[in-house]
Every structure is written in C-alpha cells, then in structure tokens.
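Participant: I would like to see how this sequence folds:
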Amino acid sequence: MTTAQPTLFVPHGAPTFALRPGAAGAALVRQAQALAQPRAIVIVSPHWDTAVPTIGFAERLETIHDFWGFPEELYAIRYPATGCREAAEEVVAALQAAGLPTAKDNDRGLDHGAWVPLRLMFPEADVPVIPLSVQSRAGATHAWQVGRALAPLVDRGFLIVGSGSITHNLRDFQTAWRNGGQTPAYVRQFSDWLANRLAAQDLAALLDYRQQAPGAAQAHPSDEHLLPLYTALGAAGEHPVAQRFHAGIDDYVIAMDAYSFLPQ
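Facilitator: Residues are numbered from 1 along each chain as shown. The predicted structure follows:
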C-alpha cells in the first residue's frame, strides 16, 4: 500500500540556510514529520539546468558544494542520499507518456538546492532521491507541464518537491546589505500576489506572472528559482488547494515562503 502525498515547494535560501535554518527550517521539519513515508522523492532544483528534463540515476548521490566563499563548515556537510533506478525509470516513463523529451544522467548528485532542504526534512537520508533538472529558458508553462506529467506518480507514493525561492535577486541583496538592510517593497508585494493567486487557483495569472505580478522582473531577473513551484503545482493535479505553511524573508530579499499543494 502507498499513500498519496501532497506536493511541496520549499525554499533553500542562501547556502548558510544549512547552518542557520531558523523559522523556515523549523517549518520544513514540521511539514516533513506530517507526511506519510514516501516511496521516493523527486527533487527539482534550479541549480541543475538542462535543455530537456533530465533524470538522475546515480545509486549514491554526491553532495555537491556548488558555491564559493562561504564558511568552511558548509563544505564539510555530506548528505548521504541514495537513488533508486526503478523509481527513476518511472519518472522517465511518466514524462515520456506526456510527450516530453527526456535524458538520463548516471552521475548527477545533489546540489545545494536539493540537499539543503532535504537534509532538514529527511535527516536520516532513508528515502530514495531522484533529481530532476529544470529548463530555465522554457518558462513557467513548461515547468507546470512537467509537473502535470509527474502527477500520476503522486498516487504511487512519490513525493514531488520543488526547491527554489519566491524572490531571488542577488544584486538587490548586495544593495540592501550596503544600505543598512532595508527590504525592497517588491519582495512582500510579489510574495503576497503569488499567495493570493495560488489561493484563488488563478492558473492563467500564475503562468503569466512576469506580466501580471508586481515587481516580477525584479523579484526574478531570470525564471529558474521560481520554476520548481510550477512543477510542484502541476504535479498536484487539477485545481489543487495551496497552503502556505511558512512565510518570511531572509537576507533582506529572499522570500522563504513554502507551500504544499493537495488535489481537490
């Protein structure tokens, strides 16, 4: 027997989130503890960007420290996740059944967009993990379509997790840090707009966020950190109910909102 899961969008913050998880980290822990044990986790990170959806098939997933200039203790962290070829083949089959091209990667490990939240949520690393790449140039509709293709896996006990950031502008972080830590107004405006559109199940506006959301281009100079939200949303099926289980801002400009999506 397997239990259907909600799908999740979680923040991974700056790499130092792994050392100072704070309120957002506590929310991720609580959410994970409320879940049934997943059969496998499909994790979508903006830090693995490929031309077509690519699925990780590694049996042991290397902890990738894909950042520079941070405290030494970050580079000592290892998250000993394992993969599952059988589960990865099911991900491939689901995407191909929806007409999406796919590729396989036998070596890919977990970048910080994947291991930072998973280490908080599943500290025992006792659930197989299947990495899935984003396609940053394909846009929100494509990311949602990837999620729709994954929806049948939810009924088989797969946990679909998109990892990213509701706002992500590193240049504005540097400006805010120099100017005394003021959070730009667009950070809350954008996160509140997104929360309202998700609550209203307004998929058309969500997919057109770059034109409709306040401060969209500043919140996301490029799409990649928001795209995993659309995959998690799509994987929850038709008209999913969104629950924002954490809202907050870290490092002046990073909205750390986290969501679960449940089918109606």
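
Participant: ok, Pro152 - contacts?
Facilitator: The neighbourhood of Pro152, defined by CB atoms under 8 Å, 6 or more residues apart in numbering, consists of Ala94. Where you see a C-beta, it was placed from the backbone N, CA and C, and this is true even at glycine.

Participant: For Glu73, see how far away the residue positioned nearest the centre of the chain is.
Facilitator: Nearest to the mean C-alpha position of the chain, counting by CA atoms, centre = their mean, stands Ser163 at 1.6 Å. From Ser163 across to Glu73, the span is 21 Å (CB to CB, to the nearest Å).

Participant: and what of Gly162?
Facilitator: For Gly162, the distance to Glu73 equals 27 Å [CB to CB].

Participant: between those two, which one's more packed in?
Facilitator: Gly162 (31 against 10; other CB atoms under 10 Å).

Participant: Mind checking what secondary structure the more buried one has?
Facilitator: strand (DSSP: H, G, I helix; E, B strand; the rest coil).

Participant: Not counting residues beside it along the chain, what's closest to Pro21?
Facilitator: In space, and not counting its chain neighbours, Pro21 is closest to Leu120: 5.8 Å by CB to CB, 6 or more residues apart in numbering.

Participant: who touches stretch 188-196?
Facilitator: With CB under 8 Å, 6+ apart as the contact definition, stretch 188-196 has outside contacts at 166-167, 206, 209, 213-216, 218-219, 242, 244, 247, 249, 255, 257.

Participant: in the helix or strand bottoming out on mean pLDDT in the chain, what's buried?
Facilitator: When each helix and strand of the chain is scored by mean pLDDT, DSSP states H and E, helix 170-178 comes last, with a mean of 76. Neighbour counts over helix 170-178 (16 or more other CB atoms under 10 Å) mark Asp172, Phe173, Ala176 as buried.

Participant: now do stretch 98-110
Facilitator: Applying 16+ other CB under 10 Å to stretch 98-110 flags Leu100, Thr102, Asp105, Arg108, Gly109, Leu110 as buried.

Participant: Right, I'll leave it there.
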